[in-house]
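Trainee: sequence? don't have it. structure:
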């Protein structure tokens, strides 16, 4: 896809997301007021990206920031733990980016025209210092992908005071399905968290890892209505990426994926007041993988610029270079020029299936 076409696709996609959020907030005066103000920031961000594009530089509208490698849960099939990017916080390895360093990343991203910074981990709510810094950037929306177990009274006040922080709570289906993966009692905690956020008027969504086992359940009318009634205004469906060969059968295949997208199209018609997103399913319309700066890129907890969370390889660190320089890292440029991102989208993640190719590129750069 040509650069101009990609920019048009990304703009259309981001505008649809924003329209969905605005629609979802209409019955919530405080959230609606914030979104009205954010619409102005959105136009400013788009203008910055368009000016960069006119000068021959592509700036993606999304950034994924894993602000910690610590998590309080041990979910089955967790990709982050499997590749050792998530720990219990034993203090080993490279130092995490400080809150002021993340603030610098957020400031630079906003100046470039990035509209959405997805906060992940680990469990991002272990880094209150970073979330407070994110709240200082009302020109950027920060969806926070969380297990939903750490949002207490103090955090509720933070979210009420910083409307650009949008919790996206992970849930796997009903109580038995969720607890089977995330641990006994987690579903009940999630229910209480959603009730707390709904009562306080904080906009929030849900994130669902889709496998061949739970697909029918999580795409059912009953499940979607349960989340809607609980107050969720958005659902992000993320295809399962296998942590090892033994779990490959859980990942959606081509037929399963096509069925999922057809079902999502139907849900979007029936649930016009909810935001329903599929990843990477919605990428396919862009003509390839959006990682490595085409549509987004990833900064890990230690500052490494990576193509995406499922391709944890880096040759550049934001401690050493600006965010703009990291966006144009040698690895990202090589992936974009090699055609790797345009490979057939066969499931989960294009680059996850090309680990050896990514490793070879890094090795060739080191020679």
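Mentor: Arrived safely, thanks for sending. A quick note: this is a predicted structure, and the numbers were derived from the prediction, not measured.
Trainee: And the helices in the stretch 101-250 of the chain?
Mentor: With DSSP state H, counting those that start in this stretch, the ranges of helices along the stretch 101-250 of the chain come out as 128-135, 153-161, 175-182, 186-200, 215-218, 221-230.
Trainee: Of all the ones you listed, which one is nearest residue 335?
Mentor: helix 128-135 (27.8 Å; Cβ to Cβ). Heads up, the C-betas are built off the backbone N, CA and C, glycines and all.
Trainee: Tell me the buried residues in the closest one?
Mentor: 130, 131, 133, 134, 135 (16 or more other Cβ atoms under 10 Å).
Trainee: Could you pull out the strands in the protein for me?
Mentor: 62-66, 116-120, 142-146, 165-170, 205-210, 234-239, 275-279, 298-299, 305-306 (DSSP state E).
Trainee: Columns mean pLDDT and mean neighbour count on top of these, output as a markdown table?
Mentor: Formatted as a markdown table, the strands of the chain follow (pLDDT from 0 to 100; neighbours: other Cβ atoms under 10 Å):
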| stretch | mean pLDDT | mean neighbour count |
| --- | --- | --- |
| strand 62-66 | 96 | 23 |
| strand 116-120 | 97 | 24 |
| strand 142-146 | 97 | 24 |
| strand 165-170 | 97 | 23 |
| strand 205-210 | 95 | 24 |
| strand 234-239 | 92 | 21 |
| strand 275-279 | 87 | 19 |
| strand 298-299 | 97 | 24 |
| strand 305-306 | 96 | 26 |
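Trainee: Can you add distance to residue 76 and give these back as JSON lines?
Mentor: As requested, the strands of the chain are exported to JSON lines (distance: least, Cβ to Cβ, whole Å):
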{"stretch": "strand 62-66", "distance to residue 76": "20"}
{"stretch": "strand 116-120", "distance to residue 76": "18"}
{"stretch": "strand 142-146", "distance to residue 76": "18"}
{"stretch": "strand 165-170", "distance to residue 76": "13"}
{"stretch": "strand 205-210", "distance to residue 76": "11"}
{"stretch": "strand 234-239", "distance to residue 76": "16"}
{"stretch": "strand 275-279", "distance to residue 76": "20"}
{"stretch": "strand 298-299", "distance to residue 76": "23"}
{"stretch": "strand 305-306", "distance to residue 76": "24"}
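Trainee: Go through those strands and name the closest to residue 30.
Mentor: strand 165-170 (13.2 Å).
Trainee: hang on, the earlier thing: so which of the strands of the chain comes closest to residue 155?
Mentor: Closest among the strands of the chain, using Cβ to Cβ: strand 165-170, at 8.9 Å.
Trainee: mind listing what the closest one pairs with, with the direction of each?
Mentor: Here strand 165-170 is paired, per DSSP bridges, with strand 142-146 (parallel), strand 205-210 (parallel).
Trainee: Please name whichever of those strands is nearest to residue 274.
Mentor: Using Cβ to Cβ, the strands paired with strand 165-170 put strand 205-210 closest to residue 274, at 8.8 Å.
Trainee: Could you export the helices of the stretch 101-250 of the chain as JSON lines, including mean pLDDT?
Mentor: What follows is those, written out as JSON lines (pLDDT from 0 to 100):
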{"stretch": "helix 128-135", "mean pLDDT": "98"}
{"stretch": "helix 153-161", "mean pLDDT": "96"}
{"stretch": "helix 175-182", "mean pLDDT": "95"}
{"stretch": "helix 186-200", "mean pLDDT": "97"}
{"stretch": "helix 215-218", "mean pLDDT": "96"}
{"stretch": "helix 221-230", "mean pLDDT": "96"}
